[in-house]
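Visitor: just a sequence and a predicted model for now, questions to come.
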Amino acid sequence: MRKFWAFLLIAILGLGAWAQVRNGAWVDEVVFQVEPDRAKGLDMLRTGAIDLYWWDIADPDLAKIIVSELNYARLAGVYNELTFNPYGPEFKDGRLNPFSDPAIREAVNWLVDRDYIVSEFYGGLTAVPRYFCICPFFPDYARYADVARALELKYAHNPEKAKAVIFEEMQKLGAEFKDGKWYYKGQPVELIFLIRVEDQRRQIGDYVATLFEQLGFTVTRLYKTSREASPIWLRGDPAEGKWHVYTGGWITTVVSRSEADNFGYFYTPRGSGSPLWQAYKPSPEFDEVAEKLWTSSYTTLEERRELMTKALELSMKDSVRVWLVNQLSYQAYAKNVQVAADLAGGISGAYLWGLTVGFVDPATGQRLVGGTLRTASSNILVDPWNPIAGSNWIFDMTPIRATADWGTVYDPYTGLLWPQRIERAEVTVKEGLPVSKTLDWVDLRFAPEIKVPEDAWVDWDAVNQRFITAKEKYPEGLTALTKCVVYYPKDLWSIPLHDGNTLSLGDFIMGMILQFDRAKEESPIYDESYVPNFESFMEYFRGVRIISTDPLVIETYSDLWYLDAEWIVTTWFPYYSQGPGFWHNLAIGIKAEAAKELAFSADKAKKLGVDWMNYIAGPSLDILAKYLDEAIATNYIPYAPTLGQYVTPEEAATRYANLKAWYEKVGNFWVGSGPFYVAEAKPVEKILVLKRFEKYPDPATKWLRFAEPRIPTAEVSSPAPVLKLGAPWDFQVEVTFKDQPYPLADMDFVTCLLFDAEGNLVYSGRAEAVKDGLFVFSIPSSVTATLPVGPIRLEAVAVSKAVAIPAFAKAEFTAVK
Amino acid sequence: MLENLKRLFSYFSVRSFLLLFTVVVAIYLIIIIANMGGYMDKIKESEIMEQVYNTVRGNPALQRLSPSELRAILDKQIEIAKRQAGLDKPFITRSLEYLIRGITLNFGRAEQMTSDSGSNQVRLILLERLPHTLLLWGTADLLVFFVSVFFALALSRRYGSFIDRLSVSLAPLSTPPVWFYGILLILLFASFLRLLPYGGFVDAPPPSTTLAYVLSVIKHMILPVLSVFIALIFSSLYSWRTFFLIYSSEDYVEMAKAKGLSSRAIERRYILRPTLPPIVTSFAMMMISLWMGGIVTETVFAWPGLGRLLYDAIQHVDTPVIVGSNVIYGYLLAITVLLLDFLYAALDPRVRLGGARRS
């Protein structure tokens, strides 16, 4: 018997150890199929026909089912607002436009009840109120939560105030109110509402229209789809007065670390060349602030805070847009599935979904190894896949990301970057730029001047197929605002690719070449559609230099900078805009495009009258196979004058032989180095099968900490329900996650705001950290002595470093003498 | 004889010309309607502008450019996108190009869509989906057609019987559309009983052996075919039964009955024979209607057929695909109508081609 127990113990430990050494993905296989109907997709999930449904769901009734029965990720990247036509006060035909008056637009903030919209039209589940152009779930809101909360209270629903302002302003504009209606020059004041019909904006439009009717306006409601509305509000001349209000909607697919540019984009003519934007006339003060934020013209974080504070206030005064709700949609998955999800883009938007998705034992919550994850989405294999300019559909990018690997990966909950293939990075920034770092893998330095070395590559000579150095192009010398040095580990060259090859320096060099070559007219793969992107790249790119090849160290110079040093890091890891690519499988595509038989981009394909290159299916495969045979026959090394210095003929022969064997095995040319490879692509049946790449080098546990967002919960406790003025007050703020104290190391800060009975901010400050999960906010007696008698509210905003979503808590009490 | 041939040729030429003319007019109308008389260009241009201007947001590299530099880059992007959408030529020119390419069956390349396997050749886009549509709708329609014709024939001979009254009373079951039964059957057999798949063409991942693949396809066809069958069979049965009933009560049928001919012989010689032209017409029309598939039903069952393709093409306003699909339908219809004229003459001696002169 003892032997049996010993054997069992060893077996359990052995299994545990095996699970621990599992590399790459947790599941063996991920199957994608199509189900465009959300209700049906959800039913498939509930009945166990699938394990995950990618298509996000914003319908409140379906959301209720998800919340009560399934696991889910919430996406916060969609938001709705009212866009006003600001032209006026009179349109070309003499009609009055009340929304030309900023005060009337500002008053709409008091007129609309955002809480009502959320509860009535979104079931209280699929939206939260939103007041600003910055997202309440992104870092900028957390940074300035104190300012934002104070403004939110200032602009809280107050219909009487709204009415008073609107009536006063209408009279100033020369309108007359008689028999319950507004008139201007003897005619009723008509408001044309352009109401979108595809989602809850229909109800929102009707609701706001009714509010204006109740104020005496004559409202005409035009119900339009996106397509029908677009020529009217976006391209039409605002002076013609074909519309007054449009129910707008916007989307952000990744967590944005900085939304400072949103003021310039949404409120000033800088944002767009459209006639509507050109009609924007922000106040000179707002315009100046918005411009500084747009061009990042600030040198310290304090200066930025000042600008952001002003911009938030002035944007509410301007209100050419009145923000209403931030939608929350749901991506649902089975109770026994765990996966990382991006706060903005959901699971599809999370670069780490492939590395974190797995089954868990529902009883113990322990991770299970293996299994097939069956998923469905609205679509799959929509457009051809090629790494350079292939499909950009989220339905395709989701599986593509699972086949890829990166130098750095996005933190799905903060938008910061973590090192994946690189070991570390040094970032040097010109003194005076407000750059800071959060994570330890970046070493941030400042320098008075950053000179680009003479031997750095700054451009490409497509005729001679060689890089142009800084010395050749800029003999007078060149400087940059940032310099970044990335250090790869020693074992980089043993990273396996799906097709049996290993990563090599040629893959990095190819990426550098293709950054330039496609934009050069002399190149056989010149693509006009790539030129605008390239031109904007060249606006900030200042040079690149390979310092060491083993281990690989690359130095990049640029004028592009971000607030976060992590974002300045450029890795040059071979991941292109639409997927992973390596020099040998790209070489056959280059040959096919040069021969004008296929083209990487849709635009060039159209121009040449050939097919858009597809690495996984269709007629492209035969053409690519032909060029693979040709490459094998000639042992072809593309861009030989440059790439030939880094790729040996032996490497070329091995690479092509392995690629051919891979094509014969799986029937496609899609090669990555990520945790999954494309095992089957059935485009007509709309089925895609990804299988686990067994040679993936990293342990499956590497990114497991991102399988669940650690969103904090906060609670404030007042020392007593009645507090005495003139005495010091201490409030405790408890911050937890799943009822456990939130570690101080993972906390950023806790800010507290004190409001009087009228909602005016009377005091604010940072709470002091005491221990894990506990903060104390002290208000000195000198402050409490100045406060009014009566009800007082304290609000706490807890901001974590691990998740961009802040936690809010409030306590109400009475102050007495 | 020669005169007959001349008359036949003349009839054939005039009829062909008229049918071709009708097809051309119909196709051009489709082009105009699909593009809202050219207004769709404005819509597409607005969408392009919106997309391009949106790229500025969150892109510091673009934001740090001077307004003129930024404008130049964005304008270029807009120009490229407009060209990609085919908006670099005036609509009137494009509409004539679409028409000429369509009627000469030179469909060329789609403007935005690609085939599932990644080609933008309209021919491939259509051909790729055709087998799935033929398989589903061919099976369902043939089943409905033959079952209803043969049962109706039998019912017409049992007028007033219980089975006849039952079939008449079930006819209103055909009021709901096919997709309604689709959803109902999905709820019952996929969601509740979990016996059959929710939709799709084949299991995911697809079976590796041919036999298993075929069986899987059949399994996926059961619910869509059944929903088509239930939705159409009762009304079809009722129509054919009424149709046959009229012929069953003709004097010559009564005479045959009086002569003591068997029911089978009466059905075959005295009822089916004179009703053959309408049956053939109905069959031919049903066959060509297969080409269009069924938009909603294919969507409900996530079936990769031509119906969904046409829906996508309309959504994208991809005129070459819309034209390609409709031109083929138009030609099939025209050819069928022409052939039916000849077939009527062959099947029914009372029919004369080209208006025979009376002596």
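Guide: Great, that's in hand.
Visitor: can you tell me the element A:Leu690 falls in?
Guide: Element membership of A:Leu690 [criterion: DSSP states H and E] is strand A:687-692.
Visitor: for chain B, give me its nearest residue in the stretch 701-817 of chain A.
Guide: Nearest to chain B in the stretch 701-817 of chain A, going by CB to the nearest CB, is A:Ala804, at a distance of 15.0 Å. C-beta coordinates here come from the backbone N, C-alpha and C atoms, glycine included.
Visitor: what residues are up against that residue?
Guide: A:137-139, A:142, A:255, A:343, A:413-415 (CB atoms under 8 Å, 6 or more residues apart in numbering or on different chains).
Visitor: and the next element down the chain from the strand holding A:Leu690?
Guide: Immediately after strand A:687-692, counting by DSSP H and E, sits strand A:713-717.
Visitor: name the helices or strands packed onto the helix or strand just after that next one?
Guide: The helix or strand immediately downstream of strand A:713-717 is strand A:722-724, counting by DSSP H and E. In terms of contacts (3 or more CB pairs under 8 Å, 6 or more residues apart in numbering or on different chains; DSSP states H and E), strand A:722-724 is packed against strand A:807-816.
Visitor: ok, and what's touching the strand it packs on?
Guide: A:149, A:711-718, A:720-725, A:731, A:733, A:735, A:784, A:787-798, A:800.
Visitor: pick out the residue closest to the middle of chain B.
Guide: When CA atoms, centre = their mean is applied to chain B, the residue found nearest the centroid is B:Met292 (1.9 Å).
Visitor: likewise chain A?
Guide: Central residue check for chain A by CA atoms, centre = their mean: the C-alpha nearest the mean position is that of A:Val254, 1.0 Å away.
Visitor: show me what contacts it?
Guide: A:Val254 makes contact with A:77, A:342, A:344-345, A:349, A:410, A:415, according to CB under 8 Å, 6+ apart.
Visitor: among the contacts of A:Ala804, which one has the lowest pLDDT?
Guide: Lowest pLDDT of the contacts of A:Ala804: A:Val255, 77.
Visitor: give the helix, strand or coil label for the residue found closest to that one once you drop the neighbours it is linked to in the chain.
Guide: Sequence neighbours aside, A:Gly415 is the residue nearest to A:Val255 in space, at 3.3 Å (criterion: CB to CB, 6 or more residues apart in numbering or on different chains). Classification of A:Gly415 by DSSP: H, G, I helix; E, B strand; the rest coil places it in coil.
Visitor: what's the local residue count around A:Gly415?
Guide: 21 (other CB atoms under 10 Å in any protein chain shown).
Visitor: then A:Glu423?
Guide: By other CB under 10 Å, 15 other residues sit near A:Glu423.
Visitor: now for residue 225: which residues touch it?
Guide: Answering for chain A, as no chain was given. Each residue near A:Thr225 by CB under 8 Å, 6+ apart is listed here: A:196-198.
Visitor: actually chain B
Guide: Residues near B:Val225 by CB under 8 Å, 6+ apart: B:136, B:139-140, B:143.
Visitor: measure it to chain A for me?
Guide: 18 Å (CB to the nearest CB, to the nearest Å).
Visitor: surely A:Leu373 touches A:Val357?
Guide: Yes: with contact defined as CB atoms under 8 Å, A:Leu373 counts as touching A:Val357 (6.2 Å).
Visitor: overlap in contacts of these two?
Guide: Counting by CB under 8 Å, 6+ apart, the residues touching both A:Leu373 and A:Val357 are A:27, A:30, A:52, A:337.
Visitor: those in strands, which ones?
Guide: A:30, A:52, A:337 (DSSP state E).
Visitor: residue boundaries of the strands in the stretch 51-200 of chain A?
Guide: Using DSSP state E, counting those that start in this stretch, the strands of the stretch 51-200 of chain A run over A:52-57, A:71-84, A:127-129, A:176-178, A:181-184, A:187-188, A:190-196.
Visitor: now tabulate the ones you listed in JSON lines and tack on mean neighbour count, distance to A:Ala679 and mean pLDDT.
Guide: Output for the strands of the stretch 51-200 of chain A, formatted as JSON lines (neighbours: other CB atoms under 10 Å in any protein chain shown; distance: least, CB to CB, whole Å; pLDDT from 0 to 100):
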{"stretch": "strand A:52-57", "mean neighbour count": "24", "distance to A:Ala679": "18", "mean pLDDT": "93"}
{"stretch": "strand A:71-84", "mean neighbour count": "23", "distance to A:Ala679": "26", "mean pLDDT": "91"}
{"stretch": "strand A:127-129", "mean neighbour count": "21", "distance to A:Ala679": "39", "mean pLDDT": "95"}
{"stretch": "strand A:176-178", "mean neighbour count": "12", "distance to A:Ala679": "71", "mean pLDDT": "95"}
{"stretch": "strand A:181-184", "mean neighbour count": "19", "distance to A:Ala679": "66", "mean pLDDT": "96"}
{"stretch": "strand A:187-188", "mean neighbour count": "12", "distance to A:Ala679": "66", "mean pLDDT": "96"}
{"stretch": "strand A:190-196", "mean neighbour count": "21", "distance to A:Ala679": "41", "mean pLDDT": "96"}
